[in-house]
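Chemist: give me a 3D structure for the following:
(2 chains)
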Amino acid sequence: MLARRRAGTPAPPKKPAPPKTPAPPKTPAPPKTPAPPLMLYPAAMPGTPTNANTVTRFAPSPTGHLHVGGARSALFCWAFARREGGRFMVRIEDTDQARSSEESARGILEDLAWLGITWDDGPVLEVRQSAMGNGQSARGVVIGGSSRAVGPFFQAQRVPIYNAYIEHLVRLGRAYPAFESNEELEARRKAVVALKQNYKYQRPDDITPGQFNKARWERAQAGERHVVRFVMPEEAIVVADEVLGDVRTAGGEVDDFVIRKADGFPTYHLAVVVDDELMGVTHVMRAQEHLINTPKHVALQRALTRLRDDRDALSPAGDAFRTPVYAHMPLIFNADGSKMSKRDKAKAARKHLKELMAKDASATPATVAQRAALSEGVVSAFIAGESDAVETASAIASAYAIALPEIEVWDYRASGYLPEVLTNYLALLGWSPGLKNPDGTDVDKFDLDFLAKHFSIERIGKTNARFDRVKLLAFNADAIAKLGDQEFITRWLGWLSTYAPQVHSGLAGPYSQQQLLWLAQAVKPRAKTLADAHKSVAFILLADDAVVLDPSAVQRGLAGQAAPVNKQDPPTGLTGRHVLVAMRQALADVPDWEPANIDSAIASLAQAKGVSLGSAATGLRIALTGSTVSPGLGHCCAILGRERTLARVDRCLAQA
RNA sequence: GGUCCCAUCGUCCAACGGCUAGGACGCGACCCUUUCAAGGUCGAGAUGAGGGUUCGAUUCCCUCUGGGAUCACCA
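Modeler: Below you'll find the predicted structure:
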C-alpha cells in the first residue's frame, strides 16, 4: 500500500526549457550512486506537489485507428501532465516498417484532436474543421510541433540516433550482434518447448558481459545479416510502479532480447528507452500489458549513458539515463470479457454473412463480392476466416447494412457519439474522482477541464475493466439531452454534413432557423446519438405526397370511434375521421403558427368535440406521419409549416 | 506450462480497520403523459473460499480458487 503512495517526482529533464518558467536549477544530475543491488527507484524529490517539468507521452504505433484503450492511455497521460502543469507529448512509434503507415498516424492524431486531447510536443497536425467534434470551428488550428526541440517525433526518422546508442552499447560489451537465422531460432524454441521447458535465448559462448566482441562487430559491419541483442544483467530488478507497487523480477528471468532488428530498425524496447530519456519524459503511464517489459527498459536505462552527440557512438559519454516514474494501468476488455480487438469487426461481419448465406441460397461469395465491390477471392478468404481485414468487413457491412461493433474512436465518432462523452466514460474505466455531488451521489459526469484539474495517479485502480457500450450510450443520450437547442443544431448538422450529407441538405437548406430550433426540441430528447437523431423526424424529410399511411393505424385511429374524454363516459359516436376534419379547421385558424399555440388548439378541439386528447392527436399524427408514433404534434406541425400540415391532412382525408 | 498482475452488486466505480457496504449503467414496479421517447419515485442486487492479526475487518497477512497479462527480428 505504501509503495504506491510514493509521490514520485523524477529529476528534471536535461533539456528543460519552456522558456517562460525560470530555468530549473541546474542541479548537476544527482550522481547516480552505484545502483543499489535490488531496489531501483526513480530519483524522487518528495513533497513536490506539482512539477512543471513533468513530461508524459502517448506513443502509438501507426498500424490502424486509435483504439479506445489507447485513447484512455492518452487521456490519462494528458490529464496528468495538465494537472502537474507540465507537458504532454505524442510520439509515433513507427519502427515496424511492414505495418506502419503515415495515413494511420494522421488518423490517430485526428482522433486525439477530436477527443480534445491536444499535445504540446509532437507531430504537426493541421486540424480540418470536420476533425473537431465539439461543434466549435477549428479550421486551420495547428496542433503539435516542438518548442523544446526534442523531435523528430516519428521514430523512423531517428534511426541514426538509435544506432549511435546501439553501437555504444556494443563497444561497452553490453550488446552484441547475433547471427542466428529465424529458422534456427524457431527450431531451438520448438525443441525446448517439446521438452516442456521454458524457452530462453542462450547467450553465445563467445560473449563476455562488459567485453567488446570485435569479431562479431566486424562481421556485422561487413554486411552480414544480424540482429543486435542486449546483454541482460543477472540481477533482480524491482520496478516501483505507482499503481501496482513494487514489482520484482528475479535475476535470470529475462534473456538477451533484441534491440535492433535485421532491417536496421530498433525494437520498441530500445527506441522507447532512448526517446524517453532524450525527450525528457518523467512519467510513463501505459497499459498493464507492458508491465512485463519494464525490467528490460530499466536494465537498458542502467546500461545507457547520454552521448554528447546523439549520432556518434564514440562521442564522450555524459550523464546516466534516468528511470521515469512508471504507472501501469488496467486493461480494457469487451463486455463479454474477451480482449478488445479489431478482429471483432471481422467476426461480426462473418457471422451475419454466414447466417445470410444459410437462409438465402442466392447469397454466394460471388454475389457478396459483387455487392460489396470486392473480389470473390477476398470474400471467400474472409468467410473462411483466413482474413480478418477491417476494410473487407467494413465493405461487406455497408453493402448489407450490418452494424459492426464500435471498437475504435473513429467508430464512435461515426456513430454519433460526443467526444466529451467518450472521454468522460473512458476516464471512469480504471479511475474515479472519488468526489461526491451535493446530493450525495458520486461525481461521474465531468469534462476535460475537470480531469485536468482533478486527475491523479493515486486514484487509478488495479482491476481490468469491461467496456460497457450500453452505459456509454446512456451517457451519450444524457449529454445530448443537456445540450442547448442551438448547440445541438450546430453539432448535429456538423455530424450530418460528413456522415449523412443527404439528410444534412434536406434540413439545412429548406428550413428556417426557427424551424431548426423546433426541430432540435423535437429530436433532442429522443436521440441517443447524433446518428439516430433523424429517425424520429424522418417523416419531415418526406415529400408531403410520399407519406405512407399505415393501414392498421388508419383502421384504429381514423375509421374507428374516437374515445370519450373519460373511459366511463358514453361513446362519442364520432369516428377519428370526423375529428380530423374538424381538426383541419382548427389548425387553419391557429393564429401564430408555433408549437404552444398548435398544441392548445389541438387540446381545445378535443375538448369541444368531447373526445380524448389522445384520440384527437392520433388522427392528426397519422395524417402527418402515416403512423401512430411521432414527437409532440405541436412541434411536428410547427416544423412542417401550416401549408404542408394542411396538405398532409387533406391528403389523408382523401385516402382514408 | 514459466513469470508477473488482479479479485466489492450482472457491469463500471465509492467505502484507503469502525454507523443498515454508497453511486452510476442495466433490470423490475409504480407515477406522469398526446403516441414514442424523456422525466420522477421506489425496489431487487456484491465484499470468491478458508485460515489468521485485531475490541472490530471489504480494508492488513497466508493458503486455495478464479480471472488476466506476457513469454517475437509487434509495439
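Chemist: what about whichever residue of the stretch 51-200 of chain A sits closest to RNA strand B, distance to A:L331?
Modeler: Using Cβ to the nearest atom of the strand, the closest approach of the stretch 51-200 of chain A to RNA strand B is made by A:E93 at 2.9 Å. Just so you know, the C-beta spots here come from the backbone N, C-alpha and C atoms, and that holds for glycine as well. Distance, A:E93 to A:L331, by Cβ to Cβ, to the nearest Å: 19 Å.
Chemist: what do you get for A:A81?
Modeler: When distance is defined by Cβ to Cβ, A:A81 is 22 Å away from A:L331.
Chemist: counting neighbours, what do you get for the residue of the stretch 51-200 of chain A closest to RNA strand B?
Modeler: 20 (other Cβ atoms under 10 Å).
Chemist: and if you look at the one 4 residues further on?
Modeler: Using other Cβ under 10 Å, A:Q97 is surrounded by 11 other residues.
Chemist: how about it, secondary structure?
Modeler: coil (DSSP: H, G, I helix; E, B strand; the rest coil).
Chemist: do you know the pLDDT at the one residue in the stretch 351-500 of chain A that gets nearest to RNA strand B?
Modeler: Using Cβ to the nearest atom of the strand, A:S432 is the residue of the stretch 351-500 of chain A that sits closest to RNA strand B, at 2.8 Å. Looking at A:S432, its pLDDT is 96.
Chemist: residues touching it, list them.
Modeler: Under the criterion of Cβ atoms under 8 Å, 6 or more residues apart in numbering, the neighbours of A:S432 are A:442, A:444, A:459, A:461.
Chemist: from those, which are also near RNA strand B?
Modeler: Restricting the contacts of A:S432 to those touching RNA strand B (Cβ under 7 Å from any atom of the strand) yields A:442, A:444, A:459, A:461.
Chemist: A:H504 and A:I489 touch, don't they?
Modeler: No: contact criterion Cβ atoms under 8 Å: A:H504 and A:I489 do not qualify, at 11.6 Å.
Chemist: still on that earlier bit, give the helix, strand or coil label for the nearest residue in space to the residue of the stretch 51-200 of chain A closest to RNA strand B that is not next to it in sequence.
Modeler: Closest residue in space to A:E93, ignoring its immediate chain neighbours: A:S61 at 4.5 Å, by Cβ to Cβ, 6 or more residues apart in numbering. Following three-state DSSP, A:S61 is assigned to coil.
Chemist: okay, domains of chain A per the record?
Modeler: In terms of domains, chain A is parsed into A:156-329, A:341-397, A:483-540, A:542-655 (source: automatic domain parsing).
Chemist: of those, which is nearest A:H454?
Modeler: Ranking the domains of chain A by their distance to A:H454 (criterion: Cβ to Cβ) puts domain A:156-329 first, at 16.0 Å.
Chemist: okay, how far is it across the closest one, tip to tip?
Modeler: Using Cα to Cα, to the nearest Å, one end of domain A:156-329 lies 27 Å from the other.
Chemist: give the rounded mean pLDDT of it.
Modeler: So the average pLDDT for domain A:156-329 ends up being 95.
Chemist: just stretch A:581-594 next, same as before
Modeler: Throughout stretch A:581-594, pLDDT has a mean value of 94.
Chemist: tell me the buried residues in that stretch?
Modeler: Residues A:582-584, A:586-587, A:590 are the ones in stretch A:581-594 that count as buried (16 or more other Cβ atoms under 10 Å).
Chemist: end to end, how far does that stretch reach?
Modeler: Counting by Cα to Cα, you get 21 Å between the two ends of stretch A:581-594.
Chemist: repeat that for stretch A:220-229.
Modeler: End-to-end distance (Cα to Cα), stretch A:220-229: 12 Å.
Chemist: any part of that stretch near RNA strand B?
Modeler: Yes: Stretch A:220-229 comes into contact with RNA strand B (Cβ under 7 Å from any atom of the strand), by way of A:V227.
Chemist: show me which residues of the stretch 1-150 of chain A are close to RNA strand B?
Modeler: The stretch 1-150 of chain A comes close to RNA strand B at residues A:1, A:59-61, A:93, A:95-96, A:99, as judged by Cβ under 7 Å from any atom of the strand.
Chemist: pick out the lowest-pLDDT one from those residues.
Modeler: Minimum pLDDT for these is recorded at A:M1 (32).
Chemist: residue numbers of the stretch 451-600 of chain A in contact with RNA strand B?
Modeler: Taking Cβ under 7 Å from any atom of the strand as the contact definition, the stretch 451-600 of chain A meets RNA strand B at A:458-459, A:461-466, A:468, A:470-471, A:474-475, A:477-478, A:481, A:525-526, A:536, A:599.
Chemist: which of those residues fall within strands?
Modeler: Mapping those onto strands (DSSP state E) picks out A:465-466.
Chemist: can you tell me which of the residues of the stretch 451-600 of chain A next to RNA strand B are buried?
Modeler: Buried, going by 16+ other Cβ under 10 Å: A:465, A:475, A:477, A:526, A:536, A:599, out of those.
Chemist: and the pLDDT for the second one?
Modeler: What that stands for is A:F475. pLDDT, A:F475: 97.
Chemist: contacting residues for it?
Modeler: Counting by Cβ under 8 Å, 6+ apart, A:F475 has contacts A:421, A:424-425, A:445.
Chemist: which of these lies closest to A:N293?
Modeler: A:Y425 (28.1 Å).
Chemist: pretty sure that closest one sits against A:R469.
Modeler: No: the criterion here is Cβ under 8 Å, and A:Y425 misses it with A:R469 at 9.7 Å.
Chemist: out of the two, which sits in the busier spot?
Modeler: When A:Y425 and A:R469 are compared for neighbours, A:Y425 comes out ahead with 25 against 16, by other Cβ under 10 Å.
Chemist: re earlier: neighbour-wise, which of the contacts of A:F475 leads?
Modeler: In terms of neighbour count, A:Y425 stands highest of those at 25 neighbours, by other Cβ under 10 Å.
Chemist: count of residues packed around the residue nearest to it when sequence neighbours are not counted?
Modeler: Among residues not flanking A:Y425 along the chain, A:L472 sits closest, at 4.8 Å (Cβ to Cβ, 6+ apart). A count of neighbours around A:L472, defined by other Cβ under 10 Å, yields 21.
Chemist: pLDDT at A:L472, what is it?
Modeler: Note on A:L472: pLDDT of 97.
Chemist: against A:A586, how distant is it?
Modeler: 44 Å.
Chemist: what parts of the stretch 251-400 of chain A come near RNA strand B?
Modeler: Residues of the stretch 251-400 of chain A lying near RNA strand B (Cβ under 7 Å from any atom of the strand): A:253, A:257-258, A:261-263, A:265, A:267-269, A:272, A:288-293, A:330-331, A:335, A:337, A:339.
Chemist: among those residues, which lie within helices?
Modeler: If you go by DSSP state H, these have A:268-269, A:272 in helices.
Chemist: my guess is A:T267 contacts A:V258, does it?
Modeler: Yes: assessed by Cβ under 8 Å, A:T267 is found in contact with A:V258 at 5.3 Å.
Chemist: contacting residues around A:P433?
Modeler: So, once contact is read as Cβ under 8 Å, 6+ apart, A:P433 ends up touching A:443, A:446, A:450, A:454, A:459.
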